[in-house]
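K.L.:
using only what follows, build the 3D model:
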Amino acid sequence: MDYATLSALLEQLDSRREGEERRREERYTALIERVGLAIPPTASAERGFIAPKARTHKMTADDDPEAYLVAFERLATTASWPRQFWASQLGPCLIGEVQAAYQAMGDDDAAQYDLVKLAILRRLNITEETHRVRFREYRRSPNVRPRVVAQKLCDHMIHWLTPALKTTAQMGEAIVIEQFCHVVGAETQGWIRRHNPDTLEQAVKLAEDFEDSLVSAQTGLLTPPQRSGRAPPPLSAPSAPPPGPVQRPPRAPTPMGDLASSSWRPRLAPSGGRGAAPAPLPYQQRDRPFNTVPSFPPTCFRCRQPGHQARSCPSAMECDVAVCNLASEAEDY
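P.N.:
As a prediction, the model looks like this:
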């Protein structure tokens with residue numbers, strides 16, 4: 001069997017199947033009219049919907065999601081698909097993040113094409129603000145024809161202003177809001193963009209509230225509120241010392257003389273005779289000042305006289321000198 005014969009046979013089978021479906025619909029309509037039930041003329045077609053021969057191609061990684069949705073809508077419109085079946089025809093053709101957005105929807109929402117399209121665009125972070133930024137920041141690439149540039153700008157403008165859903169006044173107001181955000185400044189613009197106002201009046205109200213809050217915050221930082229009703233005393237500059245050398249008050253005389261006035265620190269024992277290291281002080285006592293001056297004057301353990309130690313005892317020094325002299329004289333004899 002050659003190709004032409006096979007094609008003729010397939011066409012004959014398709015025409016026969018379409019004829020049987022048409023006769024079935026006619027018999028069903030005649031039965032409904034016979035029993036006296038009135039139905040809309042489009043209800044019978046929607047009840048027994050069969051997808052036409054036109055089929056959508058599966059999305060690829062290189063496809064632009066927005067362009068793919070536009071192509072799908074045009075195909076569905078040309079093929080006269082009922083809109084309630086668009087979502088069921090689109091779902092099996094999605095991949096990647098777009099498919100994940102479709103999968104995360106509930107059964108009732110996934111059956112409505114408008115909700116599916118909105119979920120896909122939100123998953124990809126494609127909004128009117130996205131197209132506004134693209135419209136303003138679009139730059140011509142090398143080797144790009146001017147017609148392509150104009151087409152890109154028109155596409156971003158249509159998705160930003162949505163002329164099919166807005167009136168002329170609303171589109172003009174959107175342009176004024178966009179320019180108003182550029183004029184008021186970066187901080188105020190960020191606050192307005194964060195709230196995404198729909199009208200110019202909302203944008204102005206957001207800008208006024210934001211700038212008023214900045215002024216009140218700066219005023220509160222400069223003049224902090226007083227806790228008491230009395231005003232604080234004015235700050236006065238410290239009095240300058242009189243010119244000339246600094247006069248220090250005389251020190252009171254001490255009964256021990258210069259020795260008592262000098263700081264006295266105990267002498268450490270030799271390293272071999274020292275005991276174990278003392279335990280570390282708790283953190284409450286680490287910062288306490290250590291008093292290096294003893295509370296009582298030292299006493300010599302040789303002459304038992306207060307005011308000096310044994311190493312500086314005058315009598316001990318004289319005895320040592322005498323002993324040394326006698327020993328040297330005995331060696332000479």
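
K.L.:
buried residues of stretch 79-99, list them for me.
P.N.:
Going by neighbour count (16 or more other CB atoms under 10 Å), the buried part of stretch 79-99 is 81, 86-87, 89-91, 93-94, 98-99. Backbone N, C-alpha and C define where each C-beta goes, glycine included.

K.L.:
first to last residue in it, what's the distance?
P.N.:
24 Å (CA to CA, to the nearest Å).

K.L.:
again with stretch 88-100
P.N.:
With CA to CA as the measure, stretch 88-100 spans 15 Å from end to end.

K.L.:
related to what we said a few turns ago, which of the buried residues of stretch 79-99 fall in helices?
P.N.:
If you go by DSSP state H, these have 86-87, 89-90, 98-99 in helices.

K.L.:
just to revisit the earlier point, tell me which two of the buried residues of stretch 79-99 sit farthest apart.
P.N.:
Trp81 and Gln99 (20.6 Å; CB to CB).

K.L.:
would JSON lines of the ones in helices among the buried residues of stretch 79-99 with pLDDT be doable?
P.N.:
Formatted as JSON lines, these follow (pLDDT from 0 to 100):
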{"residue": "Trp86", "pLDDT": "92"}
{"residue": "Ala87", "pLDDT": "91"}
{"residue": "Gln89", "pLDDT": "89"}
{"residue": "Leu90", "pLDDT": "91"}
{"residue": "Val98", "pLDDT": "89"}
{"residue": "Gln99", "pLDDT": "90"}
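
K.L.:
relative to Phe180, which of the residues you listed is nearest.
P.N.:
Val98 (34.9 Å).

K.L.:
that closest one: what's it in contact with?
P.N.:
Residues in contact with Val98, defined by CB atoms under 8 Å, 6 or more residues apart in numbering, are 59, 65, 120, 123-124.

K.L.:
same thing with Arg134?
P.N.:
Arg134 makes contact with His156, according to CB under 8 Å, 6+ apart.

K.L.:
quick one: which helix or strand includes it?
P.N.:
helix 128-137 (DSSP states H and E).

K.L.:
flag every buried residue along that helix.
P.N.:
Neighbour-count burial for helix 128-137 flags 131-132, 134-135 (criterion: 16+ other CB under 10 Å).

K.L.:
quick check: the farthest pair among these?
P.N.:
That would be Arg132 and Arg134, which, of the buried residues of helix 128-137, are the farthest apart (CB to CB) at 7.3 Å.
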